[in-house]
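> quick one, structure for this:
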Amino acid sequence: MKKFIPLTVFAIAFGLVEAAVVVYTRWLYYPNGFAFPVSMPPLAFLKVELWRELATLAMLGAAGAMAGRGGWQKFGFFMWAFGVWDLFYYLWLNLFIGWPASLFDPDILFLVPVTWWGPVLSPCIVAVSMCAAALIIVRRGEAEQMPVLKPLDVIGVAIGACIILYTYMADAAIITAGGMPPPYRWGIFWIGELAGAAAFIKLLSRKPDGRSAAG
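Numbers count the residues shown, from 1 in each chain. Predicted coordinates:
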């Protein structure tokens with residue numbers, strides 16, 4: 001469990017680096033302030049930004065892999081690093097430039113494979129959920145109490161994740177064209193969040209030998 005300390009320090013520092021890149025970008029392309037509808041930067045810049053985002057995921061994944069022992073722990077530590085990184089990214093942005101002024105301010109979240117958008121609160125909820133799940137996974141993994149993963153577990157969590165991703169990517173064409181997106185699909189988001197949580201809880205309800213905890 002002591003590995004959480006250096007991993008958290010890494011994630012917080014990495015969040016600062018990420019925030020600094022965004023601060024520079026906004027000073028360069030949005031000198032009058034970042035607000036929707038968004039005028040997208042040149043394609044050459046977006047290509048570099050896409051690779052930077054992929055490198056960010058690779059670094060967070062590598063940090064989780066180095067911290068964990070088995071597959072479950074590696075995945076749990078990755079989720080912890082990702083969640084802390086994302087939360088502190090927004091905290092650093094607020095400290096540096098006073099943005100977001102509200103958790104409901106819309107943001108460009110990601111560019112792979114298309115442009116994602118959503119209110120800041122949405123990825124923060126996902127990040128908190130990932131951190132909570134990571135703590136459970138790592139603790140139970142340390143005690144060798146994580147059950148064997150079954151196909152239905154993966155499908156259940158994947159369905160929840162895909163529903164949330166839909167809310168982020170459904171309006172990609174509108175954002176890319178410089179238009180104003182429709183109101184965020186909070187109802188669909190919560191369906192995805194609850195579906196993923198239900199699949200995870202069902203997974204935890206089984207004993208390591210595959211039996212139900214009630215059995």
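> what mean pLDDT does the helix or strand where residue 152 lies get?
Using DSSP states H and E, residue 152 falls within helix 151-169. Averaged over helix 151-169, pLDDT sits at 94.
> which helices and strands does it pack with?
In terms of contacts (3 or more CB pairs under 8 Å, 6 or more residues apart in numbering; DSSP states H and E), helix 151-169 is packed against strand 116-119, helix 121-142, helix 186-204. Quick note: C-beta positions are derived from backbone N, CA and C, even for glycine.
> out of the ones you listed, which gets nearest to residue 58?
Counting by CB to CB, residue 58 lies closest to helix 121-142 out of the helices and strands packed on helix 151-169; the figure is 17.3 Å.
> in the helix or strand that the helix holding residue 152 is followed by, what's buried?
The helix or strand immediately downstream of helix 151-169 is helix 172-176, counting by DSSP H and E. Residues of helix 172-176 classed as buried under the neighbour-count rule (16 or more other CB atoms under 10 Å) are 172, 175.
> what about residue 40, distance to residue 178?
According to CB to CB, to the nearest Å, residue 40 stands 7 Å off from residue 178.
> quick one: low-confidence parts of this protein?
1, 143, 209-215 (pLDDT under 70).
> neighbour-wise, which of residue 40 and residue 178 wins?
Under the criterion of other CB atoms under 10 Å, the comparison of residue 40 against residue 178 puts residue 40 first, with 15 against 11.
> quick one: the more buried one is in a strand?
No. Residue 40 is assigned coil when assessed by DSSP: H, G, I helix; E, B strand; the rest coil, not a strand.
> correct me, but it touches residue 179?
No. Residue 40 lies out of contact with residue 179 (CB atoms under 8 Å); the separation is 11.1 Å.
> residues contacting residue 138?
1, 4, 68, 72, 73, 76, 77, 80 (CB atoms under 8 Å, 6 or more residues apart in numbering).
> cutoff 7 Å now
73, 76, 77 (CB atoms under 7 Å, 6 or more residues apart in numbering).
> what's the closest of the residues you listed to residue 20?
Nearest to residue 20 among these, counting by CB to CB, is residue 77 at 24.3 Å.
> tell me the SS of that closest one?
Classification of residue 77 by three-state DSSP places it in helix.
> grab the nearest non-local neighbour of residue 80.
residue 134 (3.7 Å; CB to CB, 6 or more residues apart in numbering).
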